[in-house]
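> Sequence first, predicted coordinates after that:
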Amino acid sequence: MIPVMPSTGPSRRALLRAGLAGIASVGLLAGCSGDRARTPWSPEPTADEAAAARRTPDGDLLLRARERLAGHRAALSRAHADTPEGRAQVRTVAELWQTQQERLEQLILLGGIPLPELDAEIRTLPEADDETDDEAATTGPGPDDARHSATGPSAQTVGEQLRGGLPQVLEDLSRSSALNRAMLVSLAAQHVESARLFGAPAEWPPLEGPVGAAAVPVLARTRPTVFGLEVVAARSRGEERLRYESVLAAVRSTTRALTTLAGDAAPLPPLGYDLPEPLDDEPGRLTLARALVRDIEPAVLSVVARAGSDVEQLRSLVRLLAQTQQWADELDVDPDPFPGMTLP
């Protein structure tokens, strides 16, 4: 029986507890000097810096992720969109990013690292009922919520900035520890999806990972998703069927690529999967389709540790998770700040 509700994935509470557990483990220290030669540009850390590194691996990466995120939030708070739908999308993403920053800061503080001041000024976005179509296209809230002429970037420009920053994000991911990698991959994938929503989709090379046995847990979720979407599409008509077929084509293509990457490690697919019946109404079919697609997200995160420091493998995992969010969006699933993970 395939699951009909999405897996919760690793919880943020568990992640934070793991961070606290790292406080007691000197083995988690990744930034100590050891035998590495120090130069004037890489000085011996102070006692406080060394203690912070022992408490929280990836501390510098988390601080950099927070600073990047604050910059994106500041740009988005000044962005303008020309349609009510576009403005609603900006507000939705702004709320997700606020939650992301709060959780990042919580993780950093739990590791005993002080939060430096941020230069970015993040403005408060107006509520939907506070703006009219004509007014919102040309004005926005100032720091004191007073309206002013909109001179900020377009939402698409913010998306292009997100897309342009992906190489540096992947480089940081390649240096992250197993403790924080899943969370950082989830964060990166959500930003890639945000860029797409703002009109700046990423251009991906052919999928290069996960490979071998690492692809099997993801295949174990995409294969039943293909089967389930085939069934709900066959039992649907009109626009409903077209929506399922669109997602089905994308998931089927990804499944074929993953099967090739898995090679001999890929098990033979079963002849079929048990599905909840009777699936004779649209709400029931939509619930199943959403659950199947969302079940892929935690499967992708479950194999991030196997990518090691290979940037191309990490790029493929970020891509898979971002594409899963796109499929969920096509099925009108509310987005999560950390796809594939649950918040405390």
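Looks like it arrived, so ask away.
> Poorly predicted segments of the stretch 201-344 of the chain, please.
Residues of the stretch 201-344 of the chain meeting the criterion pLDDT under 70: 343-344.
> Try it again at 50.
Residue ranges of the stretch 201-344 of the chain with pLDDT under 50: 344.
> That one: helices as residue ranges?
216-234, 238-262, 282-294, 296-301, 311-330 (DSSP state H, counting those that start in this stretch).
> hang on, isn't Arg196 packed against Ala322?
Yes. Counting by Cβ atoms under 8 Å, Arg196 does reach Ala322; the two are 7.4 Å apart. Just so you know, the C-beta spots here come from the backbone N, C-alpha and C atoms, and that holds for glycine as well.
> Could you check how far Trp97 is from Ala214?
30 Å (Cβ to Cβ, to the nearest Å).
> what does Leu229 give?
Distance from Leu229 to Ala214, by Cβ to Cβ: 24 Å.
> quick one: which of the two has more around it?
Neighbour count, other Cβ atoms under 10 Å: between Leu229 and Ala214, Leu229 has more, with 26 against 21.
> Can you get me a residue count around the closest residue to Ala250 other than its chain neighbours?
Closest residue to Ala250 apart from its sequence neighbours, by Cβ to Cβ, 6 or more residues apart in numbering: Trp327 at 6.2 Å. Neighbourhood size, Trp327 [other Cβ under 10 Å]: 23.
> still on that earlier bit, how about the helices of the stretch 201-344 of the chain in CSV, adding distance to Ala79?
Listed next are these as CSV, based on distance: least, Cβ to Cβ, whole Å:
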stretch, distance to Ala79
helix 216-234, 34
helix 238-262, 28
helix 282-294, 28
helix 296-301, 27
helix 311-330, 19
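> Of all those helices, which one is nearest Glu160?
Comparing the helices of the stretch 201-344 of the chain by their distance to Glu160 (Cβ to Cβ), the top pick is helix 311-330, with 15.7 Å.
> Can I get that closest one as PDB, trimmed to CA atoms?
The C-alpha trace of helix 311-330 is given here as PDB (Å, rounded to 0.1, in the frame of the first residue of the first chain):
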ATOM      1  CA  VAL A 311      28.700  20.300  -6.500                       C
ATOM      2  CA  GLU A 312      26.900  18.600  -9.500                       C
ATOM      3  CA  GLN A 313      25.400  16.000  -7.300                       C
ATOM      4  CA  LEU A 314      24.100  18.700  -5.000                       C
ATOM      5  CA  ARG A 315      22.800  20.700  -7.900                       C
ATOM      6  CA  SER A 316      20.800  17.700  -9.000                       C
ATOM      7  CA  LEU A 317      19.300  17.300  -5.500                       C
ATOM      8  CA  VAL A 318      18.400  20.900  -5.300                       C
ATOM      9  CA  ARG A 319      16.800  20.600  -8.800                       C
ATOM     10  CA  LEU A 320      14.800  17.500  -7.900                       C
ATOM     11  CA  LEU A 321      13.400  19.200  -4.700                       C
ATOM     12  CA  ALA A 322      12.600  22.400  -6.600                       C
ATOM     13  CA  GLN A 323      10.900  20.600  -9.400                       C
ATOM     14  CA  THR A 324       8.800  18.600  -6.800                       C
ATOM     15  CA  GLN A 325       7.700  22.000  -5.400                       C
ATOM     16  CA  GLN A 326       6.700  23.100  -8.900                       C
ATOM     17  CA  TRP A 327       4.600  19.900  -9.400                       C
ATOM     18  CA  ALA A 328       3.000  20.600  -6.000                       C
ATOM     19  CA  ASP A 329       2.300  24.200  -7.100                       C
ATOM     20  CA  GLU A 330       0.500  22.900 -10.200                       C
END
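> Show me which parts of that helix are buried, residue by residue.
313-329 (16 or more other Cβ atoms under 10 Å).
> do the same with stretch 247-266
247-248, 250-252, 254-255, 257-259, 261-262, 266.
> which ones are touching Pro339?
Neighbour list for Pro339: 186, 189-190, 193, 297, 321, 324-325 [criterion: Cβ atoms under 8 Å, 6 or more residues apart in numbering].
> go with 6 Å
Pro339 is in contact with 186, 189-190, 297, 321, 325, counting by Cβ atoms under 6 Å, 6 or more residues apart in numbering.
> again, but for Leu162
Going by Cβ under 6 Å, 6+ apart, Leu162 touches 191, 195.
> Got the confidence number for it?
pLDDT for Leu162: 96.
> Is it part of a helix or strand, or is it coil?
Secondary structure, DSSP: H, G, I helix; E, B strand; the rest coil: Leu162 is helix.
> Glu160: neighbouring residues, count only.
16.
> what's the neighbour count on the nearest residue to it once chain neighbours are set aside?
In space, and not counting its chain neighbours, Glu160 is closest to Ala200: 4.5 Å by Cβ to Cβ, 6+ apart. Residues lying near Ala200 (other Cβ under 10 Å) number 19.
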